[in-house]
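Colleague: Predicted model, plus sequence, below.
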Amino acid sequence: MDKIAVISDIHGNLEATKKVLLDIKNRGIDKVICLGDIIAKGTHSNACIDLIKENCFVVISGNTDRYFTQEHDMDALPELEQKRINWNRQLLTEENRKYLQSLPFCFEFYMSGSLVRVFHASPRKDDEVVLNLDTIETKSTMFEPSPLTPSQEIADIVLYGHIHHQYLDKLYNKTLINVGSVGNSFDVIRKPDFDSSTKETVNVHYVIIEGNYGEKEYGNDISFQFVRASYDISKELEDIDKNLEPESYRYEIEEGMYRDMTKIKKGYEDRGVVFRK
Ligand SMILES: [Fe+2]
């Protein structure tokens, strides 16, 4: 059986990137797919890109890889946004900027009879938000092809990133998986007096898929493993003074929270989620 590690959302976190690659290697896995968002947030963009380039056989473009390498009409943007774009741009060598711009939107392969499709956020857009608690109707569209997918088949298994929240769902005999985030994991559903330890949340998260790679016939075994491995967070934060938004970054990395919980909670509440009182 073949094992493939699927990682996503590195976000410039070098210690997390080193750890995920070591963890994968220690498990004897040599095939790694990265689903994008290598940069933005952390200070180590070039070092992370170099490691991903060297170790992954497929690398997909994420919304931040695209957004922070494309041209912008700066005058039309708020000041903080201009600062973010300039900061992320100056962290990248020209070679790595071009590399990020060259990345594909989507990749497909067969595994143990299933058509597996991988992308950053959805088959249509690299910044669409599809959550585990979205409707069956919305989640079922994740298996559909689009003009941006390599084939026009309906997928059997989808793996994606973007929402930084690992989960697996089964619908219409298909499997929908979010692999989580390597460098910027968080949990949105939180309540201080009910939360378990954040230690597991702030880990490096990724997924291993195991089966017969390239096998188009049905009837073979397939399995998925959700991994959460610890890394040296304080080492990653050693050069925090170089970060454009140091306090937000520290909060996310140490607490496993998103920097703007009000915004993200609203997204959940708009979907009818009632949080524990
Ligand atoms: Fe991301």
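Modeller: Ah, there it is.
Colleague: pLDDT at the residue of the stretch 151-277 of the chain found nearest the ion, what is it?
Modeller: Using C-beta to the ion, the closest approach of the stretch 151-277 of the chain to the ion is made by residue 162 at 5.6 Å. Using the backbone N, CA and C atoms, a C-beta is placed for each residue, glycine as well. Reading off the per-residue confidence, residue 162 sits at a pLDDT of 98.
Colleague: Once you drop chain neighbours, what's closest to residue 185?
Modeller: Nearest residue to residue 185 in three dimensions, chain neighbours excluded: residue 205, at 5.0 Å (C-beta to C-beta, 6 or more residues apart in numbering).
Colleague: Let me know how buried the one you found is, in neighbour terms.
Modeller: Under the neighbour criterion other C-beta atoms under 10 Å, residue 205 is assigned a count of 28.
Colleague: Pretty sure it sits against residue 178.
Modeller: No: at 9.3 Å, residue 205 and residue 178 do not qualify as touching, with contact defined as C-beta atoms under 8 Å.
Colleague: what touches both of those two?
Modeller: Among the neighbours of residue 205, those also in contact with residue 178 (C-beta atoms under 8 Å, 6 or more residues apart in numbering) are residue 166.
Colleague: Now do the end-to-end distance for stretch 69-81.
Modeller: 14 Å (C-alpha to C-alpha, to the nearest Å).
Colleague: contacting residues around residue 243?
Modeller: With contacts defined as C-beta under 8 Å, 6+ apart, the neighbours of residue 243 are 42-43, 249.
Colleague: for it, phi and psi?
Modeller: Backbone torsions for residue 243, taken as degrees, to the nearest 10, come to phi -80, psi 140.
Colleague: for the stretch 101-250 of the chain, what spans make up the helices?
Modeller: For the stretch 101-250 of the chain, the helices identified by DSSP state H, counting those that start in this stretch occupy 136-140, 233-236, 246-255, in order along the chain.
Colleague: Residue 98: helix or strand, and which one exactly?
Modeller: Following DSSP states H and E, the helix or strand that holds residue 98 is helix 94-101.
Colleague: Could you list the residues of the stretch 1-150 of the chain in contact with the ion?
Modeller: Proximity of the stretch 1-150 of the chain to the ion is assessed by C-beta under 5 Å from the ion, with 9, 37 identified as the residues in range.
Colleague: Mind giving me the packing neighbours of the helix holding residue 98?
Modeller: With contacts defined as 3 or more C-beta pairs under 8 Å, 6 or more residues apart in numbering; DSSP states H and E, the packing partners of helix 94-101 are helix 45-55, helix 63-67.
Colleague: Kindly calculate the angle that the helix or strand encompassing residue 24 makes with helix 45-55.
Modeller: Using DSSP H and E, residue 24 falls within helix 14-26. With axes from the mean of the first three to the mean of the last three C-alpha atoms, to 10 degrees applied, the angle from helix 14-26 to helix 45-55 works out at 10 degrees.
Colleague: So what's the gap between whichever helix or strand comes after helix 14-26 and the chain middle?
Modeller: For helix 14-26, the succeeding helix or strand toward the C-terminus, using DSSP H and E, is strand 31-34. Here the centre of strand 31-34 is set off from its chain's centre by 12 Å, with C-alpha atoms, centre = their mean, to the nearest Å.
Colleague: tell me the pLDDT at residue 219?
Modeller: At residue 219 the predicted local distance difference test score is 69.
Colleague: didn't residue 267 look like it was pressed against residue 133?
Modeller: No: the criterion here is C-beta under 8 Å, and residue 267 misses it with residue 133 at 10.2 Å.
Colleague: top of the contacts of residue 243 by neighbour count?
Modeller: The most neighbours, when those are compared by other C-beta under 10 Å, belong to residue 42, which has 29 neighbours.
Colleague: dump the residue contacts of it.
Modeller: Applying C-beta under 8 Å, 6+ apart as the definition, the contact partners of residue 42 turn out to be 11-14, 48, 183-184, 236, 243, 249.
Colleague: Kindly report the same for residue 10.
Modeller: Neighbouring residues of residue 10 by C-beta under 8 Å, 6+ apart: 16-17, 34, 37-39, 48, 52, 181-183.
Colleague: how about a cut-off of 6 Å?
Modeller: Taking C-beta atoms under 6 Å, 6 or more residues apart in numbering, we find residue 10 in contact with 17, 38, 48, 182-183.
Colleague: can you redo the residues you listed as CSV with pLDDT?
Modeller: Shown next, in CSV, are the contacts of residue 10 (pLDDT from 0 to 100):
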residue, pLDDT
17, 98
38, 98
48, 98
182, 98
183, 98
